[in-house]
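Peer 1: model the structure of this input:
(one chain, ligands or ions: 1)
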Amino acid sequence: MKSWISFPRIEGLSSRQAHADLPQGTYERELGKEGFFGPATHMYHTHPPTGWIAWDGPLKPRAFDLVKLNHLSASPWDAVGVLHNANVKFRYWRFDGTMDHLARNADGDELLFIHEGEGDLFCDYGHLTFREGDYVMLPRATMWRIEAAQPVTALLIEATNDSFRLPDKGMVGKHALFDPAMLEVPHIDDAFKAQQGETETRVVIKRGGAFTTVTYPFNPLDAIGWHGDLAPVKVNWRDIRPLMSHRYHLPPSAHTTFTASRFVVCTFVPRPAESDPGALKVPFFHSNDDYDEVIFYHRGRFFSRDNIHPGMLTLHPCGFTHGPHPKALALAAKAQGGQMLDEVAVMIDSRDALEIGPMPEGVEWQGYVDSWKANPEAAE
Ligand SMILES: [Fe+2]
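Peer 2: Alright, predicted model coming up:
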């Protein structure tokens with residue numbers, strides 16, 4: 001059994017309630033362990049903790065415009081490897097048409113997030129339609145293929161040697177955020193039966209990062225029925241009813257959608273701004289010192305970030321404080337309580353350091369580290 005070294009103290013001038021009623025003119029920073037669950041201190045600074053003027057060395061905030069990765073790949077196995085470590089792989093896949101083979105990931109569960117497009121997914125378990133905004137979780141080694149009705153851009157998030165789970169929803173209970181009954185599963189329907197037959201079919205299996213092709217003289221998606229509690233599941237961000245408080249800015253952990261052993265997937269969905277006059281209305285400055293943080297911006301206006309558009313991805317490795325951009329901070333000061341914030345974003349917090357894959361020139365926004373510099377002329 002482990003017990004944190006916990007000894008809450010107050011030193012100097014401080015608010016007693018995190019994220020509210022900050023001492024006049026201060027900037028709050030949360031220094032925290034265990035991804036917003038462990039020991040933490042809230043510190044009240046006289047300067048923004050992101051007010052650096054120079055940065056030298058390999059550790060820095062990174063931003064990538066994935067919209068520029070616009071080539072189509074006929075197989076998910078040709079998707080662009082954006083980020084990876086031993087426990088998670090994050091790939092970006094653009095596809096149009098009909099896959100001419102089945103994919104099978106023997107390295108771990110695969111979570112698809114459909115950024116753009118719509119179509120049909122056929123797998124061992126049946127047929128599932130999908131559209132923009134869907135998560136589709138495919139259990140490890142599921143055979144699947146898609147037929148795109150509209151060009152598809154998808155994030156592929158692999159829980160390497162691991163399984164995706166739902167988070168413990170604690171005292172708000174299992175029906176909060178989304179009811180597990182909202183999870184859609186594939187069906188053995190007419191569309192599924194119609195694609196069955198004696199067509200020679202290739203299955204391309206990924207195991208240990210290497211590929212093996214197995215050919216059948218028939219389509220192995222030939223089940224006529226199944227029962228059990230293992231199957232792909234689908235949920236759309238529109239099905240998520242976010243936790244929020246009008247008096248307290250909840251940490252990102254309140255928006256957890258899926259968990260794995262060494263990372264979590266969170267979803268930020270539209271929600272009203274806090275209305276309490278003393279409550280913070282933008283994410284607090286924080287040093288999430290056990291995690292590398294990734295955010296993929298799906299749609300809407302990202303109220304805590306300047307110059308970020310849908311299709312971009314940011315990586316904030318652990319080891320420095322980050323927080324809202326100066327313009328966002330200024331806007332938050334004027335924000336009306338209850339005003340709807342329309343951002344939709346997918347966040348991955350990884351316990352282990354992430355490596356960045358090779359990407360073409362121009363995809364990375366080299367000036368991102370300087371984007372916190374106060375520059376009123378750059379404001380819209
Ligand atoms: Fe963060």
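Peer 1: each with direction, which strands does the helix or strand where Ala103 lies pair with?
Peer 2: For Ala103, the host element (DSSP states H and E) is strand 102-105. Sheet pairing for strand 102-105, assigned by DSSP bridges, gives strand 143-160 (antiparallel), strand 201-207 (parallel).
Peer 1: check which residues of the helix or strand hosting Ala328 are buried.
Peer 2: For Ala328, the host element (DSSP H and E) is helix 326-334. Across helix 326-334, burial judged by 16 or more other CB atoms under 10 Å covers 326-329, 331-332. Every C-beta, even on glycine, is put in place using the N, C-alpha and C of the backbone.
Peer 1: do stretch 306-325 as well
Peer 2: So for stretch 306-325, counting by 16+ other CB under 10 Å, buried means 306, 308, 310-318, 320-325.
Peer 1: send me that stretch as PDB with only the CA atoms.
Peer 2: The C-alpha trace of stretch 306-325 is given here as PDB (Å, rounded to 0.1, in the frame of the first residue of the first chain):
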ATOM      1  CA  ASP A 306      -3.700  31.700 -30.100                       C
ATOM      2  CA  ASN A 307      -3.000  30.700 -33.700                       C
ATOM      3  CA  ILE A 308      -4.200  27.100 -33.400                       C
ATOM      4  CA  HIS A 309      -6.700  25.800 -35.900                       C
ATOM      5  CA  PRO A 310      -8.500  22.400 -36.300                       C
ATOM      6  CA  GLY A 311      -6.000  19.700 -37.400                       C
ATOM      7  CA  MET A 312      -3.100  21.000 -35.300                       C
ATOM      8  CA  LEU A 313      -1.400  19.100 -32.500                       C
ATOM      9  CA  THR A 314       0.600  20.400 -29.600                       C
ATOM     10  CA  LEU A 315       3.000  18.500 -27.400                       C
ATOM     11  CA  HIS A 316       4.000  19.800 -24.000                       C
ATOM     12  CA  PRO A 317       6.600  17.400 -22.600                       C
ATOM     13  CA  CYS A 318       6.900  17.300 -18.900                       C
ATOM     14  CA  GLY A 319       9.500  19.500 -17.300                       C
ATOM     15  CA  PHE A 320       8.200  23.100 -17.800                       C
ATOM     16  CA  THR A 321       5.100  25.100 -16.900                       C
ATOM     17  CA  HIS A 322       2.500  25.800 -19.500                       C
ATOM     18  CA  GLY A 323      -0.800  27.600 -19.600                       C
ATOM     19  CA  PRO A 324      -3.000  30.000 -21.500                       C
ATOM     20  CA  HIS A 325      -1.600  32.400 -24.100                       C
END
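Peer 1: buried stuff in stretch 338-350?
Peer 2: Result for stretch 338-350 [16+ other CB under 10 Å]: buried residues 341, 343-350.
Peer 1: quick check, nearest of those to Met99?
Peer 2: For those, the closest approach to Met99 (CB to CB) belongs to Val346, at 23.2 Å.
Peer 1: might you list the low-confidence residue ranges for the stretch 201-350 of the chain?
Peer 2: The model of the stretch 201-350 of the chain has pLDDT under 70 over residues 303.
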